[in-house]
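> Predicted model and sequence follow; I will ask about them next.
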There are 2 protein chains.
Amino acid sequence: MTTAVSPSVSPLALPLPEMPPIAGAECASVAAGIRYKSREDMTVFRFAAGTTVAGVFTMNKCPGAPVDWCRASLKGGKARALVVNAGNSNVFTGRAGRETCERTAAETARLVGCKPKEVFIASTGVIGERLPTDVLLAALPGAVDRLEADAWQGAAKAIMTTDTFPKGATRTARIGEATVTICGIAKGSGMIAPDMATMLSFIATDAKIPAAVLQKLLSKGSAKSFNCVTVDSDTSTSDTVLLFATGQAKHPRVPNDPAPTLLKDFARALDEVLHELALMVARDGEGAQKLVTIDVTGAVSAKSAHRIAMAIANSPLVKTAIAGEDANWGRIVMAVGKAGEPADRDKLSVAVGGTWMAREGGVIPGYDEAPVVAHMKGRDIQITVDIGLGRGKARVWTCDLTHGYIDINGSYRS
Amino acid sequence: MTTAVSPSVSPLALPLPEMPPIAGAECASVAAGIRYKSREDMTVFRFAAGTTVAGVFTMNKCPGAPVDWCRASLKGGKARALVVNAGNSNVFTGRAGRETCERTAAETARLVGCKPKEVFIASTGVIGERLPTDVLLAALPGAVDRLEADAWQGAAKAIMTTDTFPKGATRTARIGEATVTICGIAKGSGMIAPDMATMLSFIATDAKIPAAVLQKLLSKGSAKSFNCVTVDSDTSTSDTVLLFATGQAKHPRVPNDPAPTLLKDFARALDEVLHELALMVARDGEGAQKLVTIDVTGAVSAKSAHRIAMAIANSPLVKTAIAGEDANWGRIVMAVGKAGEPADRDKLSVAVGGTWMAREGGVIPGYDEAPVVAHMKGRDIQITVDIGLGRGKARVWTCDLTHGYIDINGSYRS
């Protein structure tokens, strides 16, 4: 969330895939100069008439003005444009913040030829500073002039703040006999926490899916992906995931209450895109050196397993131990116990990298430390905890807590 | 919680006060060699016959064997001895851990001349390693031989693990016309979090107070002190606060249902001791460079205010900003919003060091930054948040999150 110069690229970075154009979706990124100098910091998308939209947003009680705007616009279920800026989040900016959204939507609607409520807006960056609306508006016509179908790569970069690498994912899926394409981009590195989406993610598909159906698919997919990722337990005020369906592909009509089989493959592909993007956010966690996967089994319910997994993933002591390459399972036990969920110390088992170190309440005498030590030196860390009480399970992802996190977040804003 | 060599003394350290003997309480500290070499690591207290006891313990669902032991013993309300060791927490040690407690209590009871259930036990240090019971038992007779009334200073040091300074507090109070004395010591630096006490704290008084009354006073006092301190949000498996009343002072009899006025001054003095000890724990937070006091007012209830204050105190982004001497009130707003408690962004006000920076949902244009910048450079940081919804208020304490925390907790256990 700071505007400090990004450190070197995360060692967990993945390359941006080649992302094909989505029929009915065009975009352009420009250097609006809202905060950053000499880099593209504003992205505009234009969608074909008939595009439906779904969204999930931060659960933070102090959301930014753009989140309020999107929540209200989402009720219509239709989208024709999206405006994203990086560097200023337009959060805690009072009436001025609302006016920025209103004016941005009005001007974009005029340029694109749609209603203001068909324009979606997302902003990330510094909290509490007025967004210079005139600067943003002045950059809009130039962006609209440059709209093109094949501009995902630039958009993935333009929406970054403390991110160290651009994040994108793509899949194809079959609906009936037709093939549809899904492309998505995301940004996020710090202020990433449970009970919400991520910082920002935008996904587009050429499929033709009613907004209500799209929303169900997105909500379900986000619960298994973005809501299972945490970097620092701090739930952002701007988290926004928007999914646009342009309806340009030719496939059997998707009714409001489709047969389960019709969208099965689309849901699979969408889930994979959401999963890939969410993990990229963990991979780019501020200061991250290791990606951590936490599996909890044997909890009394899936919800309970998720809470326990998140307690482990958010524990500073667990995360610093991982940074130090120490398989400190005692801290994992502590985190299980602090989650407040049903747990019985004497039924608890813990494995790291697939090696069981503690079983049913005590260390396993003489367990082989060598594979554990080797595992902890790697980039991908696997923690497995069996609660021993029921059949509830969950998987979440996080990163380690390193000096890099302190460096990035302990610097002055300016 | 690691056994790494303690870094230099916290810049927030306070000197250990002179602590007078408590009639009916003797103690001794010895180098038992349980884990640390060449330092005292075990402390034994002996209490006069008739000593009553109260206790509060960790809410972690995976407590250590000593916590289970104390909880069970507390039902009797009587105490004759306390054995504390540093370096091994006897947590997640299964049947062996329970046997350690049983044998320690039996041997101490034999040496002191009491029942095993009148012996209290506390251990802190590494989780999941068997405590070498024979080593502990071998050191007990020597400790009992050296018991003396004036040994608080040594005890405050012997119970330390990653602490960088010993912690103690003392007060006198009037009960009727008599003066009674309260002395307490504490340890704690990491794995310090809400919903519990602290790592370890032991308080003794020569007052004669029934156990049930003592328990009420301790529970009430802990809620306002230890339970309002957080270092890293990680609730320890060993947190224990025990209050012993030796009954040696001559004062009006305290019935089981005393008049409110009778113990008013005693409660005041006890609260001050608890408060002082709790703040010392925050002052010795792992890596702490600044002590942070967070006041929340205007919440819908005191409980809600406490939760909001704790969300701010546990936010890594708020804590790293403070380490960087950045009055980043945007992150404070984020933390208020993520607490999940009723909050209305447009009624929220934030002050740092007494200077209001944001009021009713927006930054105060042209507020004077100079005093805020000066305040952030100091050791004592004051954050005030008014929620603007009701009359609930709370105050909690924490420390900043620095490279020192990563250094201390990112090292190998051995």
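Structure's in. What do you need?

> Only C-alpha atoms from now on, for both contacts and neighbour counts.
Fine.

> same for the helix or strand hosting A:Lys319, what does it pack against?
Taking DSSP states H and E as the criterion, A:Lys319 maps to helix A:316-323. Packing partners of helix A:316-323 (3 or more C-alpha pairs under 8 Å, 6 or more residues apart in numbering or on different chains; DSSP states H and E): helix A:329-338, helix B:403-409.

> between these, which gets nearest to B:Leu12?
Among these, helix B:403-409 comes nearest to B:Leu12, with 13.7 Å by C-alpha to C-alpha.

> now check the closest one, is it near chain A?
Yes. Under the criterion of C-alpha under 8 Å from any C-alpha of the partner chain, chain A is reached by helix B:403-409 at B:403, B:406, B:409.

> Of the residues you listed, which is the most crowded?
Of all those, B:Asn409 has the most neighbours under the rule other C-alpha atoms under 10 Å in any protein chain shown, reaching 27 neighbours.

> And for the closest residue to it other than its chain neighbours, the neighbour number?
Nearest-residue entry for B:Asn409: A:Thr320, 5.6 Å, with adjacent residues in sequence omitted and distances by C-alpha to C-alpha, 6 or more residues apart in numbering or on different chains. For A:Thr320, the neighbour count with other C-alpha under 10 Å is 24.

> Please apply the same query to the one 3 residues further on.
Using other C-alpha under 10 Å, A:Ala323 has 25 other residues around it.

> got a list of what it touches?
A:289-290, A:400-402, B:410 (C-alpha atoms under 8 Å, 6 or more residues apart in numbering or on different chains).

> same thing but 7 Å
A:400-402, B:410 (C-alpha atoms under 7 Å, 6 or more residues apart in numbering or on different chains).

> can you list those in a markdown table and add neighbour count, distance to A:Pro21 and pLDDT?
Listed next are the contacts of A:Ala323 as a markdown table, based on neighbours: other C-alpha atoms under 10 Å in any protein chain shown; distance: C-alpha to C-alpha, whole Å; pLDDT from 0 to 100:
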| residue | neighbour count | distance to A:Pro21 | pLDDT |
| --- | --- | --- | --- |
| A:Asp400 | 32 | 35 | 90 |
| A:Leu401 | 30 | 37 | 89 |
| A:Thr402 | 25 | 38 | 88 |
| B:Gly410 | 26 | 45 | 78 |
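
> Nearest to A:Ile185 among these?
A:Asp400 (23.6 Å).

> Now do the same contact list for that closest one.
A:Asp400 neighbours (C-alpha under 7 Å, 6+ apart): A:288-290, A:319-320, A:322-323.

> Out of those residues, which comes closest to chain B?
When these are ranked by distance to chain B (C-alpha to the nearest C-alpha), A:Thr320 comes first, at 4.7 Å.

> where does the stretch 301-414 of chain A have low pLDDT?
Low-confidence segments of the stretch 301-414 of chain A (pLDDT under 70): A:411-414.

> starting at the chain centroid, how far to stretch A:22-30?
20 Å (C-alpha atoms, centre = their mean, to the nearest Å).

> Now it - C-alpha only, PDB.
Coordinates of each C-alpha in stretch A:22-30 appear next as PDB, following Å, rounded to 0.1, in the frame of the first residue of the first chain:
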ATOM      1  CA  ILE A  22     -11.700 -11.500 -25.600                       C
ATOM      2  CA  ALA A  23     -14.300 -10.600 -28.200                       C
ATOM      3  CA  GLY A  24     -16.300  -7.700 -27.000                       C
ATOM      4  CA  ALA A  25     -13.600  -6.500 -24.500                       C
ATOM      5  CA  GLU A  26     -11.000  -3.800 -25.400                       C
ATOM      6  CA  CYS A  27      -8.600  -1.900 -23.200                       C
ATOM      7  CA  ALA A  28      -5.900   0.700 -23.000                       C
ATOM      8  CA  SER A  29      -3.500   1.800 -20.300                       C
ATOM      9  CA  VAL A  30      -2.100   5.400 -20.100                       C
END
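
> what's that stretch in contact with?
With contacts defined as C-alpha under 7 Å, 6+ apart, stretch A:22-30 is touched by A:40-48, A:143, A:146-149, A:151, A:154-155, A:158, A:181, A:204-206, A:246, A:248.

> and the nearest residue to A:Thr297 once chain neighbours are set aside, how far is that from A:Thr384?
The shortest distance from A:Thr297 to any non-neighbouring residue, by C-alpha to C-alpha, 6+ apart, is to A:Lys393 (4.3 Å). To A:Thr384, A:Lys393 is 11 Å away according to C-alpha to C-alpha, to the nearest Å.

> Give me the common contacts of the two.
A:Val296.

> and A:Pro132, how far is that from A:Ile312?
Using C-alpha to C-alpha, we find A:Pro132 at a distance of 41 Å from A:Ile312.
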